[in-house]
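Undergrad: no sequence on hand, only this structure:
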């Protein structure tokens, strides 16, 4: 039960943080936002470093560093790009694919077998997502072209693949070592910063200084909520629940994102609501 609570909490934290991060794309690039939030999150959790016992867990630490590079450095950068092109709701709706992808990846990496109901879920989710992608949204002030729309969905799918692979690596370590979710979160954040550091533009500090004070507060709050709390809860989910089940619950984000749709200039029609509901139903079939 506690794993389910952690998963739903992580879904809410991540959804609200995405809504706040999107406002920063006016001032910072996706990679700048990503490394800024990761550095802030690493500093917040820095006391955890004192609890590490590096030698016995050297291999596990390397795996977690790789997980951070794939999931946070690469995956989150793709995710933020998708947010800037698609908006919170559409980007999070693509995430409904993650339990299906997680089940497939888990079958190879963690010896998890797929059942018939999972394939039924694949079909329902896929059809629903195609419908969502084709829906026209009235008064959307962010999506300006079909090119942005296509690129946004491509980056969203790539971010999901990165997240699922990274999650599988994290679950492997959490199942086979004594490392805690706090420790694995900090190691993954460190890996992401190492990977992103060479790509920082010289004007990062200057760009941050130009951000209005209100947006700086949003960036800090979104980082604490989405990166520190979100990833920590996510790591607990990976420890307590199988990948397929965990990602099913984490993928309730599209439902939560509907509460932010109006603030992003979207007017939802009944087709969009029905297709979003069937997406979640398809994910739910995997859970049942």
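TA: Done, it's in. Owing to the predicted nature of the structure, the values given are computational and were not obtained by experimental measurement.
Undergrad: what ranges does the stretch 151-288 of the chain have for its helices?
TA: Along the stretch 151-288 of the chain, counting by DSSP state H, counting those that start in this stretch, helices occupy 181-196, 204-210, 213-222, 230-240, 243-250, 253-257, 270-287.
Undergrad: and the longest one, what does it pack onto?
TA: I take that to be helix 270-287. Using 3 or more CB pairs under 8 Å, 6 or more residues apart in numbering; DSSP states H and E, the elements in contact with helix 270-287 are helix 88-94, helix 98-109, helix 116-134, helix 243-250, helix 253-257. All C-beta atoms are positioned from the backbone trio N, CA, C, and that covers glycine.
Undergrad: redo that, cut-off 6 Å
TA: For helix 270-287, the elements it packs on are helix 116-134, helix 243-250, judged by 3 or more CB pairs under 6 Å, 6 or more residues apart in numbering; DSSP states H and E.
Undergrad: residue 175: which of the helices of the stretch 151-288 of the chain is closest?
TA: Among the helices of the stretch 151-288 of the chain, the nearest to residue 175 by CB to CB is helix 230-240 (7.6 Å).
Undergrad: contact partners of the closest one?
TA: Outside helix 230-240, the residues within contact range by CB atoms under 6 Å, 6 or more residues apart in numbering are 3, 6-7, 9-10, 13-14, 167, 170-171, 174, 181, 184-185, 246.
Undergrad: could you verify my assumption that residue 218 touches residue 20?
TA: Yes - the criterion here is CB atoms under 6 Å, and residue 218 meets it with residue 20 at 4.8 Å.
Undergrad: what touches both of the two?
TA: By CB under 6 Å, 6+ apart, residue 218 and residue 20 have no common neighbours.
Undergrad: list the buried ones in the host helix or strand of residue 33?
TA: Residue 33 is located in helix 30-44, with elements delineated by DSSP states H and E. Buried residues in helix 30-44, counting neighbours by 16 or more other CB atoms under 10 Å, are found at 30-42, 44.
Undergrad: I'd say residue 67 and residue 188 touch.
TA: Yes - with contact defined as CB under 6 Å, residue 67 and residue 188 form a contacting pair (5.4 Å).
Undergrad: of the two, give the one with the bigger neighbour count.
TA: The neighbour count for residue 67 versus residue 188, taken as other CB atoms under 10 Å, is higher for residue 188 (29 against 26).
Undergrad: can you tell me how far the more buried one is from residue 21?
TA: Look at residue 188 and residue 21: by CB to CB, to the nearest Å, they are 18 Å apart.
Undergrad: still on that earlier bit, give me the residues contacting the helix holding residue 33.
TA: By CB under 6 Å, 6+ apart, the residues outside helix 30-44 that reach it are 24, 76-77, 80-81, 189, 192-193, 196, 199, 204, 223, 227-228.
Undergrad: and it, how far out from the chain's middle?
TA: The chain centre lies 14 Å from the centre of helix 30-44; the measure is CA atoms, centre = their mean, to the nearest Å.
Undergrad: now the angle between helix 181-196 and that helix, please.
TA: Computed by axes from the mean of the first three to the mean of the last three CA atoms, to 10 degrees, the angle separating helix 30-44 from helix 181-196 equals 140 degrees.
Undergrad: helices or strands next to the helix or strand following helix 30-44 in the packing?
TA: Heading C-terminal from helix 30-44, the first helix or strand you meet, by DSSP H and E, is helix 58-68. The contact analysis (3+ CB pairs under 6 Å, 6+ apart) places helix 58-68 against helix 146-176, helix 181-196.
Undergrad: how about the ones you listed in a markdown table, adding mean pLDDT and distance to residue 120?
TA: Output for the helices and strands packed on helix 58-68, formatted as a markdown table (pLDDT from 0 to 100; distance: least, CB to CB, whole Å):
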| stretch | mean pLDDT | distance to residue 120 |
| --- | --- | --- |
| helix 146-176 | 85 | 20 |
| helix 181-196 | 86 | 32 |
